[in-house]
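J.: need the 3D shape of this:
(one chain, ligands or ions: 2)
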Amino acid sequence: MKIGFQTIRNLIKTSFLGFFLISNNFCLCILGFVQRILLTFNLQEFTPQLIVFPAIAVVFGRLFCGFVCPFGIIFEWTYKLKMKMKKSKIIPKFNPKIHEKLIYLKYILLVIGLYLTFKYGFYVICTVCPIGSFVGLNGTVISFILLGLFLIGGYFIPMFFCRYFCPIGALLGLLSTKPVFKIKTNDKCTKCRLCEMNCPMQIDILNNMDEKECIRCFECVSACKKGGIKYEK
Ligand code: SF4
Ligand code: SF4
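T.: Residues are numbered from 1 along each chain as shown. Ligands and ions are numbered 1, 2, ... in the order given. Modelled structure (predicted):
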């Protein structure tokens, strides 16, 4: 039996989700480390993750979102469940004009979160982080409420949290505006737009490939049967 690329990616992400759920303090969030430095002003708090994750984003883009983040896999299941229930093969589109503006909300939330952390001297982003509710199920009341709201939103709009609210995605997005490895169409592309119809981040792949918004799920590459889209330098 041939195991497809998306099956392997889903297995990797599901394993991370399981790990987050059973561990009490395992969290790979780069923003946690950034906040710790902001709070302590101590460069001894500088950990290898603060080099490794940004470096991966600069070279490969938001691979963390596509392969590690436990919240991402929950949202993938949510929109795929809706598509199954509606017997649809096309990911529902959100109003493009609103979508194009809303994607910047997460960058604003990142700046506000870091500013408040610095000003009030506690881990503001971690306190409200819905992913925190996965770490040994130890989230705060706020994080569990937000988790519920984002899951409801995620049913109606694919990757609702990842597209518009996630400050980790925003930070990694800023680092992967021009990554070394990019998603590119080539001369085999027939402009059928099947790749765009399968993009959960609603990226205009053919006309305006926005690398900072791409979560490296490779659903577009898997969808194209012509070999018209590749991930390459
Ligand atoms: S699915 Fe493939 S052939 Fe169709 S538009 Fe996308 S890259 Fe081009
Ligand atoms: S462009 Fe491709 S890899 Fe990027 S988010 Fe869309 S489907 Fe996933």
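
J.: and the helix or strand that contains Tyr155, what does it pack against?
T.: Using DSSP states H and E, Tyr155 sits within helix 141-156. With contacts defined as 3 or more CB pairs under 8 Å, 6 or more residues apart in numbering; DSSP states H and E, the packing partners of helix 141-156 are helix 70-85, helix 124-128, helix 160-164. C-beta: built from backbone N, CA, C; applies to glycine.

J.: okay, the longest one in CSV with CA atoms only?
T.: Included here for helix 70-85 are C-alpha records, laid out as CSV according to Å, rounded to 0.1, in the frame of the first residue of the first chain:
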residue,chain,number,x,y,z
PRO,A,70,-1.2,21.0,17.3
PHE,A,71,-3.8,23.7,16.7
GLY,A,72,-3.3,23.6,13.0
ILE,A,73,-4.2,19.9,12.7
ILE,A,74,-7.4,20.5,14.7
PHE,A,75,-8.4,23.2,12.2
GLU,A,76,-7.6,21.0,9.3
TRP,A,77,-9.9,18.3,10.7
THR,A,78,-12.6,20.9,11.3
TYR,A,79,-12.8,22.2,7.7
LYS,A,80,-12.3,18.8,6.2
LEU,A,81,-15.2,17.5,8.4
LYS,A,82,-17.4,20.3,7.1
MET,A,83,-16.5,19.5,3.5
LYS,A,84,-17.2,15.8,4.1
MET,A,85,-20.6,16.6,5.6
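
J.: give the buried residues for that helix.
T.: Across helix 70-85, burial judged by 16 or more other CB atoms under 10 Å covers Pro70, Phe71, Gly72, Ile73, Ile74, Phe75, Glu76, Thr78, Tyr79, Lys82.

J.: need the residues you listed in TSV (columns: pLDDT).
T.: Compiled in TSV, the buried residues of helix 70-85 are given as follows (pLDDT from 0 to 100):
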residue	pLDDT
Pro70	82
Phe71	82
Gly72	86
Ile73	89
Ile74	89
Phe75	90
Glu76	92
Thr78	91
Tyr79	91
Lys82	89
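
J.: reformat these as a markdown table; add distance to Ile215.
T.: Shown next, in a markdown table, are the buried residues of helix 70-85 (distance: CB to CB, whole Å):
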| residue | distance to Ile215 |
| --- | --- |
| Pro70 | 13 |
| Phe71 | 11 |
| Gly72 | 7 |
| Ile73 | 11 |
| Ile74 | 13 |
| Phe75 | 10 |
| Glu76 | 9 |
| Thr78 | 14 |
| Tyr79 | 13 |
| Lys82 | 18 |
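
J.: quick check: end-to-end length of stretch 153-160?
T.: 6 Å (CA to CA, to the nearest Å).

J.: got a list of contacts for that stretch?
T.: 72, 74-76, 78-79, 81-82, 91-92, 94, 150, 161, 163, 200-202, 215 (CB atoms under 8 Å, 6 or more residues apart in numbering).
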